[in-house]
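Trainee: All I have is the shape, not the residue letters:
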Ligand SMILES: Cc1ncc(COP(=O)(O)O)c(C=O)c1O
């Protein structure tokens, strides 16, 4: 593929944008292109870059484009509101309407607060948990990502020599500039091990305000919770008066209208949504149990944001909900069907080429790994997959016109068609053949 226009723009970008990009996640993560690409158009399931290369897109803006790019119903709804004004430093009726709809859909949502990004909404959840309990520490799990802000950006992808013992990991800072002091406010645990969790909660019961997790671990391999794990965590957190937060920034409105909590049947105290919530417009929400959420009202907890519940994003959220709920959730049935077809047929292709492949996750969000290990359930076991081989496969797929996320996760949208799946499988067959030869 020719990337010369992107290469030339990137040279210019380095003169004007810090590091040449606006988010570090936009660097070419698995060697798929020599420079971060510039795009000129997204429509439906397809993206076009400035060199005219077209991709079937399974990155979907890292999740938000659940209805595909430039979804007509959402664009129409947003454009109808443009003349109303965008921000009032005050309320508008549509935000009330969206909050009402969310409380009717999301199991844990008795009250809603809107924000503009997942990282921010996570911060609100952590503050609520601390204010509600009067305790300081937050439990987070290795390999889970909850945004880029200092107080929760640790042990996302720690190197094995820094990470400490498997059952008692040490919090590992993830970026220069992050103060050491925040590491002491977090207890890092391995995910999917209920015995370790129970012991940690017993040992630190008076210090732990909240537990935050991705209920399906989409930032590390789209791993699913072991049977009974979430139920166990739910029971133990309730017993110890600890606030359980599901970070549904990826799973929300992606794995189903009710998120992972609906799919898996476990209701947290708080949950955070963003990404697919407004199908590409910047909208996030923290939602949850009335008595915890009321800390932001009667409890005096501060939560602000100039852009919170801006008219465009709320209009997009309402239109996205309409589309996703249409015909009793047909969009999800179709995303699941097409995603599950990829999940079944990709390993079949790999088998024909004598490559070990396992797929983790669910139809709308899954990860293709090269491994024959059976028991992969957390960050450390996942780090035993052949990541270099996966990256080479994904880079090869990219050159065949199929784009997955930099972490190797595939996201489906309602805009992917059966023909897209056929084409993607044919590309995967060619990519694996080349991988094998190499
Ligand atoms: C699970 C999870 N939580 C939080 C975030 C942060 O969201 P944002 O990028 O909107 O700040 C992300 C972003 O990828 C995420 O995947």
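Mentor: Structure's in. What do you need? The shown structure was predicted, so the numbers you read here are calculated from the model rather than taken from an experiment.
Trainee: mind listing the helices in the stretch 301-438 of the chain by residue range?
Mentor: Along the stretch 301-438 of the chain, the segments classed as helices by DSSP state H, counting those that start in this stretch run 311-352, 379-382, 387-399, 418-437.
Trainee: Give me whichever of the ones you listed is most buried.
Mentor: helix 379-382 (a mean of 22; mean count of other C-beta atoms under 10 Å). Yep, even glycine has a C-beta here, placed from its N, CA and C like the rest.
Trainee: from the middle of its chain, how far away would that one be?
Mentor: 18 Å (C-alpha atoms, centre = their mean, to the nearest Å).
Trainee: And the pLDDT for whichever residue of the chain sits closest to the ligand?
Mentor: Closest contact between the chain and the ligand, by C-beta to the nearest ligand atom, is at residue 118 (2.3 Å). At residue 118, the model reports a pLDDT of 98.
Trainee: residues in the stretch 201-350 of the chain within reach of the ligand, list them.
Mentor: 214, 219, 247, 249-250, 274 (C-beta under 6 Å from any ligand atom).
Trainee: what pLDDT does the residue lying closest to residue 142 once chain neighbours are set aside get?
Mentor: Computed as C-beta to C-beta, 6 or more residues apart in numbering, the closest residue to residue 142 that is not its neighbour in sequence is residue 379, at 4.0 Å. Per-residue pLDDT puts residue 379 at 97.
Trainee: now residue 252
Mentor: Value listed for residue 252 in the pLDDT field: 98.
Trainee: again with residue 155
Mentor: Note for residue 155: predicted pLDDT of 97.
Trainee: ok, the residue nearest to residue 133 when sequence neighbours are not counted - how many residues close by?
Mentor: Nearest residue to residue 133, sequence neighbours excluded (C-beta to C-beta, 6+ apart): residue 209, at 4.4 Å. Neighbour count for residue 209, taken as other C-beta atoms under 10 Å: 23.
Trainee: Direction included, what does the helix or strand harbouring residue 209 pair against?
Mentor: For residue 209, the host element (DSSP states H and E) is strand 208-213. Using DSSP bridges, the strands paired with strand 208-213 are strand 137-141 (parallel), strand 243-247 (parallel).
Trainee: Now mean pLDDT too, for those strands, in JSON lines please.
Mentor: Below are the strands paired with strand 208-213 laid out as JSON lines (pLDDT from 0 to 100):
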{"stretch": "strand 137-141", "mean pLDDT": "98"}
{"stretch": "strand 243-247", "mean pLDDT": "99"}
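Trainee: which one of those is the most hemmed in?
Mentor: strand 243-247 (a mean of 29).
Trainee: which residues touch that one?
Mentor: Residues outside strand 243-247 that contact it (C-beta atoms under 8 Å, 6 or more residues apart in numbering): 108, 118, 122, 125-126, 128-129, 132-133, 144, 146, 209-215, 233-234, 237-238, 259-261, 268-272, 288, 292.
Trainee: State the distance from the residue nearest the centre of the chain to residue 21.
Mentor: Centrality entry for the chain: nearest residue to the mean C-alpha point is residue 250, 2.8 Å, by C-alpha atoms, centre = their mean. Separation of residue 250 from residue 21 (C-beta to C-beta, to the nearest Å) stands at 21 Å.
Trainee: Strands of the protein, start to end?
Mentor: 39-43, 46-49, 54-57, 111-115, 137-141, 186-189, 208-213, 243-247, 270-273, 284-288, 358-362, 365-369, 402-403, 409-411 (DSSP state E).
Trainee: Let me see the residues that make contact with the longest one.
Mentor: The one in question is strand 208-213. Residues outside strand 208-213 that contact it (C-beta under 8 Å, 6+ apart): 122, 125-126, 129-130, 132-141, 144, 146, 152, 187, 191, 201, 233, 237, 240, 242-247, 270.
Trainee: Could you do the last one as well?
Mentor: The contact list for strand 409-411 (C-beta under 8 Å, 6+ apart) reads 58-60, 62-63, 65-66, 218, 221-222, 254, 339, 342, 361, 364-368, 404-405.
Trainee: what about 10 Å?
Mentor: 57-66, 218-222, 250, 254, 275-276, 335, 339, 342-343, 346, 359-361, 363-368, 394, 397, 402-405, 424 (C-beta atoms under 10 Å, 6 or more residues apart in numbering).
Trainee: Pull up the distance across stretch 409-423, start to finish.
Mentor: Counting by C-alpha to C-alpha, to the nearest Å, you get 18 Å between the two ends of stretch 409-423.
Trainee: ugh, wrong one, I meant stretch 126-139
Mentor: Criterion C-alpha to C-alpha; first-to-last residue distance in stretch 126-139 is 10 Å.
Trainee: ditto for stretch 246-253
Mentor: 13 Å.
Trainee: nearest to residue 160, of the strands of the chain?
Mentor: For residue 160, the closest of the strands of the chain is strand 186-189, at 14.1 Å, according to C-beta to C-beta.
Trainee: returning to what we had before: was I right to think the residue nearest to the centre of the chain contacts residue 220?
Mentor: No - in this structure, residue 250 is not within contact of residue 220 by C-beta atoms under 10 Å, at 11.4 Å.
Trainee: which neighbours do the two share?
Mentor: Both residue 250 and residue 220 are in contact with 145, 214, 409, where contact means C-beta under 10 Å, 6+ apart.
Trainee: The first one contacts residue 219, doesn't it?
Mentor: Yes - Residue 145 is in contact with residue 219 according to C-beta under 10 Å; the separation is 4.0 Å.
Trainee: Tell me how the protein divides into domains.
Mentor: 4-70+327-437, 73-322 (automatic domain parsing).
Trainee: Kindly compare burial across the ones you listed and name the winner.
Mentor: Note that of the domains of the chain, domain 73-322 is the most buried (mean count of other C-beta under 10 Å), with a mean of 20.
Trainee: Setting aside sequence neighbours, what's the nearest residue to residue 218?
Mentor: Closest to residue 218 by C-beta to C-beta, 6+ apart is residue 250, at 4.1 Å.
Trainee: Now do that neighbour against residue 175, distance only.
Mentor: From residue 250 across to residue 175, the span is 21 Å (C-beta to C-beta).
Trainee: Also residue 113?
Mentor: Computed with C-beta to C-beta, the distance linking residue 113 and residue 175 is 27 Å.
Trainee: now residue 253
Mentor: 29 Å.
Trainee: Also residue 359?
Mentor: Applying C-beta to C-beta, the value for residue 359 to residue 175 is 31 Å.
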